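In: below are the sequence and a predicted model; questions follow.
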Amino acid sequence: MFGYDKDSASALDAISWAQTICFAPMLFKTAVLLKRLGVLAALKEERAQGLTKDELASQLGLSSYALGVLLDMGLSGRIVIEDAEGRFRLTKTGQFLLDDRMCAINLDFTEDVCYQALEHLEASLKLGRAEGLKVFGYDDGILYPHLSSLPEPARTSWFTYDHFYSDAAFAPALKQIAALNPTQIFDVGGNTGRFATVCVNTLPSVSVTILDLPEQIALAQDKLAGLPNADRIAFAPVNVLEDKPFPTGADVWWMSQFLDCFAPEEIVAILRRVHAALPDNGTVYILELFPDAQRFEAAALALNATSLYFSAIANGNSRFYRATDFIGFIEQAGFKLSARTDDIGLGHTLLLLKKA
């Protein structure tokens, strides 16, 4: 499901949603604090009878005032409910915020990586560079060289977010790759080497070369040192934005959550250089998240929201693209789309490209 093609909301529903948007930052910060201060966990422990505000205050070492404003906003946000005796309990939404891994990762990513940086969204959009990076002490407008040195908790939250979504898609994608019987795979934008590791552990005759920025190569080498089958993983420091030929020798090229990190013209330029380095019978696999390929409205919302992370924090000119637009980039680069598999892992699409 993606967006709406008509406005069918009643006036009451529309103004209620508009007011929710107006105060959404307060609701989000309330959810973060209810979780991080232990309120949600305490209510879960006493799910049967619930807890009063004063009982929570005593148990958590917070003032009655602090609990009062958080719980009242939690009521408005449908995170908690209150009975006639003033006892609070978790709602299903509150339980998801506390226990669901996807919710936990998204909450931490938004709070630790995005929240303060989004204050610079307007400047980022006007200038076409990630002005939000300034909150982490960087002023060059490009996040990727700084991933290994991001301050905590942003660093952990970023990598956890990135790995969570990509990891779920690796196994079904590898089934398709295995059917080609490749011997050499180039993993472009291989990050910390998680796909390369799964690949060499799953396909015993395959070697993988990770192509990435020197800073990321160093991080991957550190992560992979001494792991089983790591001798079949090689490394090639590459800045894909430099107009230099790519290395050759791979029958399969793999790009996972990589091309969304670039502007359209950069995507086309990168793919043209892949096209030049690829043998005529070679294959390119692209694993991406497309808002218009999602089954659920909430998934499309999450991807569109994350596009603003790219705007304010990552680089200022990329996003999660619509599949309809992305396929156009592929064709401009001289490839044809041979196969498309939607709904892999947690909403990914796997594209198989051949030379046109």
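Out: Ah, there it is. For clarity, every value in this text was computed on a predicted model and none was experimentally measured. Numbering: from 1, shown residues only.

In: use CA for all of it now, contacts and neighbours both
Out: Noted.

In: which residues touch residue 316?
Out: Counting by C-alpha atoms under 8 Å, 6 or more residues apart in numbering, residue 316 touches 124, 125, 127, 128, 129, 130, 131, 141, 142, 310.

In: tell me the mean pLDDT over the longest helix along the chain?
Out: Looking across the chain with DSSP state H, the single longest helix is helix 154-178. Averaging pLDDT along helix 154-178 gives 92.

In: buried ones in it?
Out: Residues 154-158, 161, 165-166, 169-171, 173, 177 are the ones in helix 154-178 that count as buried (16 or more other C-alpha atoms under 10 Å).

In: redo the residues you listed as TSV? Include distance to residue 343.
Out: Shown next, in TSV, are those (distance: C-alpha to C-alpha, whole Å):
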residue	distance to residue 343
154	29
155	28
156	27
157	24
158	23
161	18
165	12
166	12
169	9
170	13
171	13
173	11
177	17
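
In: now, which of these sits nearest residue 272?
Out: Of all these, the one with the least separation from residue 272 (C-alpha to C-alpha) is residue 177, at 21.7 Å.

In: any idea how far that closest one lies from residue 334?
Out: 21 Å (C-alpha to C-alpha, to the nearest Å).

In: again with residue 27
Out: 47 Å.

In: what about those two, which has more around it?
Out: For residue 27 versus residue 334, the count of surrounding residues by other C-alpha atoms under 10 Å is larger for residue 27: 19 against 16.

In: quick one: contacts of the strand or helix carrying that one?
Out: Using DSSP states H and E, residue 27 falls within helix 24-36. The contact list for helix 24-36 (C-alpha under 8 Å, 6+ apart) reads 40, 41, 70, 73, 74, 77, 79, 97, 98, 107, 111.

In: looking only at pLDDT, what's the mean for it?
Out: Helix 24-36 comes out at a mean pLDDT of 98.

In: in that helix, what counts as buried?
Out: Quick answer for helix 24-36 (16+ other C-alpha under 10 Å): 27, 28, 29, 30, 31, 32, 34, 35.

In: how about stretch 246-256?
Out: 246, 250, 251, 252, 253, 254, 255, 256.
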